[in-house]
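In: the amino acid sequence is not available; the structure is as follows:
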């Protein structure tokens, strides 16, 4: 006689376990009561085969009706399940009609039939409205969640790169926890946020990045990085991504969706017996590309030795000198990542749950950098009746990020400038004092080890996301849906510059004795929407459906920050450890409320032609006391031409053909609050009080509007041997909200205003090939092609150029907005030139004459096209996937080489002993005549060091038409045979896998990584994209792991 054991756990999971199998578990409404659903004595092991017209079917869900037991068929269509004679088995598979059979024997074989209506995929669009894929007049590419999570990347957005046309992920660096811009169809906003809206189960979530302008230290958004909050999502919890790009696609989301949207559907609870899954992975990271410098010439100027000089423009190193040419290698280390995911699931047809837990720990290649994330997510689904169901989720996330400083005085620049006569590992003495080699603490740059260990920076996040979705369908033709959401995060951060550090010490005459900065941000978002959808059939051929609803969003973001100098105790990091007279504090409020009303009507004819009309009215508190409301319409047309009779006779060569057309208008209010009025700020100088701040108010401010047109076609050929989705779009963004600098005579430094037009246009193509589709072997290849251009058509009349000073990091170079040029332009100074464009040469030195303060466009950072190529192979239970990502065109400023060149440390300075004549004309009074004097003065940089650091033209360090061909992701997995895991249970499975990330990169770029970004996404606009300065690129990653299901 078999013995059974009834277990009750605090989560409300009830399991009946015997010596041979787990016969069933379910989640109870009362978590403290456990009741077995049946008597195991009466159950048998029912076996069978599921097939369709083409043969055996794998992945079919087989469940016992009314009981919490379910299994899936294997690759050969076989299944086995515990059930009793007389029970009813239900067989379900996507694209097939559901089938139920009553058990009369121990063998139950079934044949499933295709469901033509199910084949017309249902797509969840904006505001959770479900639409037939045939009715959509815009492109909606979809990516499976497992496709991204299988890459084992910490941030889901990095795993999306190359998998969707029109999507660009621009990472700040390759550090653990690095932020990234998530941009769809280019940079439409000059100064505002261009990031796509992230929507999780119908709730738009916070994806902000700390803006240092809100902090008391008032930083430039480039020396420290801050993770964007989309980093908090666990990729293992995500079922799918739907990318919404067009105006009609995102219009219902209002101003939030002006930059497009990524709709994330998380994995939900499913009816079935109690199950446990566990995934483990371990990754080793290494530097993808090491920086280089010259080791031939030592410190000094003009060929003369000076051991205290910051320049390496002295004589050659002597043969008997010991050079530590391995300093760069000795600084970096192997990075490690371990990740654990454990999920519990179960329940019945009416009540089910899924509880997932993650621990992710990533130690970076740079010493003392680490990113840790702990996540727990509980999802429950209740079906109270055939008409009403409810889904609730709760997600808690904790993350801790130890960061390194970047930029001009960060770890990379100090490493490259470190004197090779000394060992970089000798950085601290026994008394914990900084080891100095040539100068004092005020004049010698930090050792990079000192910088990463003694100038710490850390962010700590506690975040809670909760949502409830309900659907009520009282009749077959009408449905009510509602969503409530809460997103609350508390972020605390500190940044320290040690009293002995170069940047923390000040000067000998004005020492600062260390610098301390801290902040705490509390962001709370309350969200709700409600919509009613109805549909009806008019006669045999016509259908009408529509939705009406409203949405409300209430955001409160409060940042308290402190800044102080002069530490009492050099190793105690607290604002109370600074001189009271040096302390600054700042309290930044950003409260915002929006209200939107939306409607949509869809008119259909024979599933052949669909016309969709949408509209939204938005109200934004950021525009008050002006009229806060702005409205925008949209429309789309979908023509499913292969449903015409002429194509139905032979569907083997052309299927699923659709022509699309959509037009629309979206609006975007200011990205921050309180810009319609000038605000007072506390003063810290003697006397205190309040005065106007930097930003002047603008009571005439209004929303910037974007008009977009999209047309496209999709179809498949030769029985879906190849499928195409092609789109062309054109987007005009007018009334740009910009923040230009003003004359100080105005009383302000900056003022938000409307002015400017930007046009983005381009082509997107997705092509999916299935060269081989056999019973045991399949090969699928997907191409994602994107080509677009962005051009500034105009600015406000009084502005010849708009630039952001936070990108002005290298002398004479900055991110610029110039009418008539690309939105991705860089501007810089140039040498003085004559009327013919010849460089003017100083006749005394033979060197170019510095130009005026005028700035010229010197680079276009936008790529000419990108192409992501995904190959998928599977042979029985062996799977191989790899993604190549090709970016062609676009200019990159090599800021690292720019700096090393001016210091004589670049390998480009090794020819310094060769005389050269700079092409140009002499400044002798004849330079603008018909016969200027050509330059003939030879310069030898070895004895004239000013050649390298005086009047440098930054355009010399712009590398043009940069291409990168990167093997971004590789995944190889193998599912062990059932016989190997049978002892773990009937449903058990075990897979082992290997993944590699950023394994290979082929490029003509001479720097580290052309995908680096000088600034964080918190800056807005295009920021420092395409400026490579003080950052390491993405590391190579080798990952091994296993996946176990019970």
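Out: Received it, and whenever you're ready, just let me know what you need. Because the structure is predicted, anything quoted here is derived from the model rather than measured. Residues are numbered from 1 along each chain as shown.

In: where's residue 647, which helix or strand?
Out: Per DSSP states H and E, residue 647 falls inside helix 645-648.

In: quick one: strands adjacent to the following helix or strand past that helix?
Out: Per DSSP H and E, the first helix or strand lying C-terminal to helix 645-648 is strand 654-668. Each strand paired with strand 654-668, and its direction, by DSSP bridges: strand 629-639 (antiparallel), strand 704-717 (antiparallel).

In: for strand 654-668, which positions count as buried?
Out: 655-668 (16 or more other CB atoms under 10 Å). Any C-beta I mention is one placed from the backbone N, CA and C, and that applies to glycine too.

In: ok, now which ones touch residue 508?
Out: Residue 508 is in contact with 440, 442, counting by CB atoms under 8 Å, 6 or more residues apart in numbering.

In: what's near enough to touch the closest residue to residue 953 other than its chain neighbours?
Out: Closest residue to residue 953 apart from its sequence neighbours, by CB to CB, 6 or more residues apart in numbering: residue 831 at 5.4 Å. By CB under 8 Å, 6+ apart, the contact list for residue 831 reads 839-840, 848-851, 920, 951, 953.

In: backbone phi and psi for residue 831, please?
Out: Here is the backbone geometry of residue 831 (degrees, to the nearest 10): phi -60, psi 150.

In: who does it bridge with?
Out: Beta-bridge partners for residue 831, by DSSP bridges, are residue 850.

In: for it, give its distance to residue 378.
Out: Relative to residue 378, residue 831 is positioned 64 Å away (CB to CB, to the nearest Å).

In: cool, residue 263 as well?
Out: Note on residue 263: its distance to residue 378, by CB to CB, is 21 Å.

In: could you check which of these two is surrounded by more residues?
Out: Between residue 263 and residue 378, counted using other CB atoms under 10 Å, residue 263 has the larger neighbour count: 26 against 18.

In: just confirm the more buried one contacts residue 239, I think it does.
Out: No: in this structure residue 263 lies outside contact range of residue 239 using CB atoms under 8 Å: 11.0 Å.

In: how about the residue lying closest to residue 267 once chain neighbours are set aside, phi and psi?
Out: For residue 267, ignoring the flanking residues on the chain, the nearest one in space by CB to CB, 6+ apart is residue 239 at 4.7 Å. Dihedral pair for residue 239: phi -80, psi -40, per degrees, to the nearest 10.

In: which residues touch residue 239?
Out: In this structure, residue 239 makes contact with 144-145, 265-268, judged by CB under 8 Å, 6+ apart.

In: same check on residue 735?
Out: Counting by CB under 8 Å, 6+ apart, residue 735 touches 702-705, 754-756.

In: okay, the angle between the helix or strand where residue 759 lies and strand 704-717?
Out: Element membership for residue 759 (DSSP H and E) is strand 757-773. Strand 757-773 and strand 704-717 meet at an angle of 20 degrees, taking axes from the mean of the first three to the mean of the last three CA atoms, to 10 degrees as the criterion.

In: what about the helices in the protein?
Out: Using DSSP state H, the helices of the chain run over 116-119, 145-149, 156-160, 247-250, 327-331, 411-417, 448-454, 502-505, 645-648, 895-903, 946-949, 978-981.

In: mind putting the ones you listed in TSV, mean neighbour count, distance to residue 876 and mean pLDDT included?
Out: Shown next, in TSV, are these (neighbours: other CB atoms under 10 Å; distance: least, CB to CB, whole Å; pLDDT from 0 to 100):
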stretch	mean neighbour count	distance to residue 876	mean pLDDT
helix 116-119	12	27	48
helix 145-149	19	18	95
helix 156-160	24	26	96
helix 247-250	29	39	75
helix 327-331	18	43	96
helix 411-417	23	47	96
helix 448-454	23	48	97
helix 502-505	22	59	96
helix 645-648	10	36	82
helix 895-903	22	48	96
helix 946-949	18	62	94
helix 978-981	13	12	84
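
In: right, and these - which one's nearest residue 726?
Out: helix 247-250 (16.3 Å; CB to CB).

In: the closest one - contacts with which helices or strands?
Out: strand 629-639, strand 654-668, strand 704-717 (3 or more CB pairs under 8 Å, 6 or more residues apart in numbering; DSSP states H and E).

In: one more time with 7 Å, if that's ok
Out: Counting contacts by 3 or more CB pairs under 7 Å, 6 or more residues apart in numbering; DSSP states H and E, helix 247-250 packs against strand 629-639, strand 654-668.

In: what sits opposite the nearest residue to residue 530 once chain neighbours are set aside in the beta ladder?
Out: Distances taken as CB to CB, 6+ apart place residue 482 nearest to residue 530, at 4.5 Å, with adjacent residues excluded. Residue 482 has these beta-bridge partners by DSSP bridges: residue 470, residue 530.

In: next up, the contacts around residue 482.
Out: Residue 482 makes contact with 470, 529-530, according to CB atoms under 7 Å, 6 or more residues apart in numbering.

In: if you rank those by neighbours, which is first?
Out: residue 529 (24 neighbours).

In: about what we covered before: distance to residue 226 and pLDDT added to the buried residues of strand 654-668, as CSV?
Out: Compiled in CSV, those are given as follows (distance: CB to CB, whole Å; pLDDT from 0 to 100):
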residue, distance to residue 226, pLDDT
655, 48, 90
656, 44, 90
657, 47, 94
658, 42, 96
659, 44, 97
660, 39, 96
661, 41, 95
662, 36, 94
663, 38, 94
664, 33, 91
665, 33, 89
666, 28, 87
667, 28, 85
668, 23, 84
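
In: okay if I get those as TSV plus distance to residue 718?
Out: As requested, these are exported to TSV (distance: CB to CB, whole Å):
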residue	distance to residue 718
655	9
656	12
657	13
658	18
659	20
660	22
661	26
662	29
663	33
664	35
665	40
666	39
667	44
668	44
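
In: my guess is residue 463 meets residue 233, correct?
Out: No: look at residue 463 against residue 233 with CB atoms under 7 Å: they stay out of range, at 10.0 Å.

In: more crowded one of those two?
Out: Per other CB under 10 Å, whichever of residue 463 and residue 233 has more neighbours is residue 233, with 24 against 20.

In: what's near enough to touch the closest residue to that one other than its chain neighbours?
Out: Counting by CB to CB, 6+ apart, residue 233 lies nearest to residue 156, which is 5.8 Å off, once chain neighbours are set aside. Residue 156 makes contact with 148, 233, 235, 238, according to CB under 7 Å, 6+ apart.
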